[in-house]
Every structure is written in structure tokens, then in C-alpha cells.
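# Sharing a model prediction with you, sequence too.
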Amino acid sequence: MFLGEYEYSMDERGRVAVPARFRDEFKAGLVLARGLDRCITAYSPEGWQRLTGRLESLSFTQADVRRVQRAVYGGAYEAELDRQGRVLLPTALRNYAEIRQGVVIVGMNDHLELWDAEHWEAELAALDTQTPEIAERLHG
């Protein structure tokens, strides 16, 4: 289970460290993809298979399904951790998430999200004001 929030800096080559406590989950590699909220998602191979299984169960005859599949598969990259536990973020994903240097890695139970530090601050501000109302809508 991935939990917590971790701050890192991306190096000049586009690499960022994965929190040490999560590295064992990615020994077999990881899949990086465009997140839905201008972030990068990171899945273990098993987690990616669960996600793609759900996507493949949807009807490909629906245009919205095909578009979501294009967004997910077209923006996904296989990656590996280096000896120091870093992952190279592909340029296309860095540009999509607008990651410049500061990176916040957020545990999302079955995957990680990698955010530009400034964008994460904005997301936290929105969460602070909107979470009670969202929770109420989801509950009722």
C-alpha cells in the first residue's frame, strides 16, 4: 500500500528518487503514465495489469472509452529504477505534468502520483477548501 507525501528534487537528467520504502514494489519495473490531474502516475507491473484489465472490460465501441484508452496507453512508459532508486521521467511526461525541479510523490494506495511541487501546493489548497463538500456529495 502506497501512503504519504514525499518531497524530492529532479536532477538535470530528469531523474527523481522513489521513496526507499516503496522501492521493493518496483523491483520488476514500473509503468509511468499521464495522470488525470496533470501529474504522473507510477504503477508496479501488477498494479498496471489491474488498471488495464478494468479498461479492457469497457466497450471499445464507445468513443469515450477509446479516448480514455488512447490517453492512458499512449501516455504510458515502462521504466526501471537505477541502483540509487531513481527513475528517469520521460520528457513527454515531465512536460505534461509541468515538472520543473521540485517533485512531490504522493501515495495513492495502489499507485504513486508525481506532482510538480507548485502544482501540488495548489492541489492541497483546493483540497483544504473542497474536501468536506466533496465528501458530503460522495456520501449522499
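Ah, there it is.
# and residue 65, how many neighbours?
15 (other C-beta atoms under 10 Å). From N, CA and C alone the C-beta is placed, and that goes for glycine too.
# same question, residue 84
Residues lying near residue 84 (other C-beta under 10 Å) number 9.
# Then residue 6?
Neighbours of residue 6 using other C-beta under 10 Å come to 17.
# if we look at the sheet, which residues does the residue nearest the centre of the chain bridge to?
Nearest residue to the geometric centre of the chain (C-alpha atoms, centre = their mean): residue 41, 1.4 Å. Applying DSSP bridges to residue 41 gives these bridge partners: residue 33, residue 113.
# In a helix, residue 96, correct?
Yes - if the criterion is DSSP: H, G, I helix; E, B strand; the rest coil, then residue 96 is within a helix.
# nearest spatial neighbour of it, skipping sequence neighbours?
residue 34 (5.3 Å; C-beta to C-beta, 6 or more residues apart in numbering).
# Show me the helices in this protein, by range?
45-56, 63-74, 91-97, 117-139 (DSSP state H).
# what's the closest of the ones you listed to residue 81?
The closest of the helices of the chain to residue 81 is helix 45-56. By C-beta to C-beta, the value is 12.7 Å.
# how far out from the middle of the chain is the closest one?
14 Å (C-alpha atoms, centre = their mean, to the nearest Å).
# swap in stretch 59-76?
17 Å.
# need the contact list for the residue nearest to the centre of the chain.
Residues near residue 41 by C-beta atoms under 8 Å, 6 or more residues apart in numbering: 32, 33, 34, 35, 108, 111, 112, 113, 114.
# This completes my enquiry, with thanks.
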